[in-house]
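Asks: Coordinates for the following, if possible.
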Amino acid sequence: MKKVKRFIPASIFGMLLMLLAGCGEENLSALRPKGTASKISFDMMMLSIYIMLGVFFVVAVIFTYVILKYRKRRGDEDIIPEQVEGNTTLEVIWTAIPILLLLILAIPTVLATFTLAAEEPQEGDDTLKIQVTAYQYWWDFNYPDLEFNTAQDLYIPVGEKIYVELTSKDVIHSFWVPALAGKMDTNPGLTNAMWIEAKEPGVYKGKCAELCGPSHALMDFRVIALEKDEFDAWVNHMKTAESAPQTEAAQAGEEIFTESCISCHAVGSEGGNIGPDLTVFGDRETLAGFLEMTDEKIADWIKDPQALKPANHMPAFKDQLNDDEINALVAYLKELKAN
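Replies: Now for the predicted structure:
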């Protein structure tokens with residue numbers, strides 16, 4: 001009876017785990033591929049699962065057959081069964097089958113490895129090149145051929161293979177957009193390369209997949225895939241972006257930004273690159289990669305970023321700016337949009 005009582009809660013817990021395994025954010029699953037590279041990885045994963053299930057099924061059938069056929073029956077004498085020292089045919093079969101299964105898995109794996117290998121665009125090639133630099137705990141995206149930077153939101157055109165170079169400025173991170181491609185480490189002082197391609201427009205969630213410090217779990221970013229004409233329009237804005245605050249509060253906020261923030265953060269062609277680029281800050285749906293983009297959250301972040309994202313490198317301004325100045329700065333930042 002005690003075993004039954006223990007079994008019921010364990011079963012309920014197991015069922016809850018299976019139900020929760022199906023929960024998650026949209027465009028944040030390698031099991032629902034939305035890109036060419038992720039589809040290749042998904043197909044390889046499914047091939048290995050089919051092989052394992054096939055082996056399990058065959059072994060289970062043979063095991064069940066042996067258990068039933070050679071079980072001890074009533075009246076059987078307790079004698080030692082006939083001893084079999086070897087069977088060449090069986091040994092050849094159970095050696096050949098695993099080799100065949102390994103070949104079935106190895107050949108597509110090698111082909112997929114070469115397909116996923118990134119080839120640097122040659123001179124004159126129109127492949128879009130993006131340089132990704134990881135920081136604790138945010139992402140910088142540089143478009144060297146287009147001559148501008150973005151941060152946290154990576155914009156790409158739909159249906160085009162994008163060449164991505166990856167590095168880090170501090171510790172090892174890992175660039176991962178589950179719905180579009182596999183993960184790739186970003187290492188300080190080294191450069192890795194990969195390619196991504198989105199088959200359809202959408203916002204794809206990205207993660208850091210390498211434990212990199214206290215706020216590792218909060219090091220999120222977005223890949224925004226746009227139709228070609230929309231992407232070209234966005235590129236044009238980024239090249240000509242100018243901050244022109246419309247409201248009185250935003251104008252006051254621009255002055256505060258120039259005095260307190262521009263040495264670290266760039267807007268358009270002006271500013272530093274110590275912190276994330278804020279050119280289209282007002283278009284972002286998240287703050288610091290994970291917070292809801294509201295006036296209150298932006299103000300809280302400016303006042304004390306450590307309370308929201310521990311160990312990040314942005315200083316707190318709660319003792320340097322009063323509430324009116326912070327609200328003016330929020331108004332200015334919210335007006336930094338692409339259109």
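Asks: The stretch 101-250 of the chain: strands as residue ranges?
Replies: 129-135, 138-143, 148-151, 153-157, 162-168, 173-176, 184-186, 192-196, 202-208, 221-226 (DSSP state E, counting those that start in this stretch).
Asks: strands paired with the last one, and their directions?
Replies: Looking back up the chat, that one is strand 221-226. strand 153-157 (parallel), strand 202-208 (antiparallel) (DSSP bridges).
Asks: could you dump those to CSV with distance to S168 and mean pLDDT?
Replies: Yep, even glycine has a C-beta here, placed from its N, CA and C like the rest. Formatted as CSV, the strands paired with strand 221-226 follow (distance: least, C-beta to C-beta, whole Å; pLDDT from 0 to 100):
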stretch, distance to S168, mean pLDDT
strand 153-157, 16, 95
strand 202-208, 10, 94
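Asks: what helices or strands is the helix ranked longest in the chain leaning on?
Replies: For the chain, the helix that runs over the most residues, judged by DSSP state H, is helix 36-69. Counting contacts by 3 or more C-beta pairs under 8 Å, 6 or more residues apart in numbering; DSSP states H and E, helix 36-69 packs against helix 88-116, strand 192-196.
Asks: possible to save the strands of the stretch 101-250 of the chain as JSON lines with mean neighbour count and distance to K34?
Replies: Listed next are the strands of the stretch 101-250 of the chain as JSON lines, based on neighbours: other C-beta atoms under 10 Å; distance: least, C-beta to C-beta, whole Å:
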{"stretch": "strand 129-135", "mean neighbour count": "21", "distance to K34": "18"}
{"stretch": "strand 138-143", "mean neighbour count": "21", "distance to K34": "19"}
{"stretch": "strand 148-151", "mean neighbour count": "21", "distance to K34": "21"}
{"stretch": "strand 153-157", "mean neighbour count": "22", "distance to K34": "12"}
{"stretch": "strand 162-168", "mean neighbour count": "21", "distance to K34": "14"}
{"stretch": "strand 173-176", "mean neighbour count": "24", "distance to K34": "14"}
{"stretch": "strand 184-186", "mean neighbour count": "21", "distance to K34": "18"}
{"stretch": "strand 192-196", "mean neighbour count": "19", "distance to K34": "10"}
{"stretch": "strand 202-208", "mean neighbour count": "21", "distance to K34": "7"}
{"stretch": "strand 221-226", "mean neighbour count": "22", "distance to K34": "8"}
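Asks: Lowest average pLDDT across those?
Replies: For these, mean pLDDT drops lowest on strand 148-151, to a mean of 89.
Asks: in its sheet, what does that strand sit against?
Replies: strand 138-143 (antiparallel).
Asks: Dump the strand it pairs with to PDB, keeping only the CA atoms.
Replies: The C-alpha trace of strand 138-143 is given here as PDB (Å, rounded to 0.1, in the frame of the first residue of the first chain):
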ATOM      1  CA  TRP A 138      24.300  42.000 -24.000                       C
ATOM      2  CA  TRP A 139      25.000  41.600 -27.700                       C
ATOM      3  CA  ASP A 140      26.500  44.000 -30.200                       C
ATOM      4  CA  PHE A 141      25.700  43.500 -33.900                       C
ATOM      5  CA  ASN A 142      28.000  45.300 -36.400                       C
ATOM      6  CA  TYR A 143      27.100  45.400 -40.200                       C
END
